[in-house]
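>>> return atomic coordinates for the entry below.
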Amino acid sequence: QVLLVESGGGLVQAGGSLRLACAASGGTLGRHAMGWFRQAPGKEREFVGAISWSSGRTYYQDSVKGRFTISRDNAKNTVFLQMNSLKPEDTGVYYCAAREGRVAWGTGEYNYWGQGTQVTVSS
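Numbering: from 1, shown residues only. Prediction:
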């Protein structure tokens, strides 16, 4: 059983930056993929990006490429989402998720979810 806890959300002006963290406990992540998702009010949860824990390879949704960066700290069992040049349309609740195996893009393919952290970008 993997427990995920997100932190780092908040209110920021457009063009600003935030760094989210996802601390994992309860299991080793060497065979896992870690994903970041977000959900805006009235919209479905969508894939933002993901990282393969073993290889460190990252994947991103087109709308965040070049602005968001996912990284991991093996020693702390923590994954980070660095968000730069934030836009109002980036507003939403951000979730981290974990699954065994390769990176996947669908919400239904992840077994473990954090509680989410709110990100609000004002114009």
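
>>> for the rest of this, base every contact and every neighbour count on C-alpha atoms.
Noted.

>>> work out the gap between the one helix or strand Ile70 maps to and the centre of the chain.
For Ile70, the element it lies in under DSSP states H and E is strand 68-73. Chain-centre distance of strand 68-73: 9 Å, with C-alpha atoms, centre = their mean, to the nearest Å.

>>> strands paired with the following helix or strand past it, and their directions?
Per DSSP H and E, the first helix or strand lying C-terminal to strand 68-73 is strand 78-83. Here strand 78-83 is paired, per DSSP bridges, with strand 18-25 (antiparallel), strand 68-73 (antiparallel).

>>> so for Gln39, which of those strands sits nearest?
Checking the strands paired with strand 78-83 against Gln39 by C-alpha to C-alpha gives strand 18-25 as the closest, at 15.0 Å.

>>> may I have the closest one exported as CSV, CA atoms only?
Provided in CSV are the C-alpha atoms of strand 18-25 (Å, rounded to 0.1, in the frame of the first residue of the first chain):
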residue,chain,number,x,y,z
LEU,A,18,5.0,27.1,-7.7
ARG,A,19,6.7,23.8,-6.7
LEU,A,20,4.5,20.9,-5.7
ALA,A,21,5.8,17.9,-3.8
CYS,A,22,4.5,14.4,-3.4
ALA,A,23,5.9,12.4,-0.6
ALA,A,24,5.4,8.6,-0.8
SER,A,25,5.4,6.1,2.0
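
>>> strand 78-83 and the helix or strand following it, what's the angle between them?
Later in the chain than strand 18-25, the nearest helix or strand by DSSP H and E is strand 32-39. Angle, strand 32-39 to strand 78-83, by axes from the mean of the first three to the mean of the last three C-alpha atoms, to 10 degrees: 40 degrees.

>>> ok, residues contacting the helix or strand containing Gln118?
Taking DSSP H and E as the criterion, Gln118 maps to strand 117-122. Residues from elsewhere that reach strand 117-122, judged by C-alpha atoms under 8 Å, 6 or more residues apart in numbering: 6-14, 86-95.

>>> off-centre distance for it?
13 Å.

>>> just stretch 80-97 next, same as before
When distances are taken as C-alpha atoms, centre = their mean, stretch 80-97 is centred 8 Å away from the chain's centroid.

>>> that stretch: end-to-end distance?
In stretch 80-97, first residue to last residue: 12 Å (C-alpha to C-alpha, to the nearest Å).
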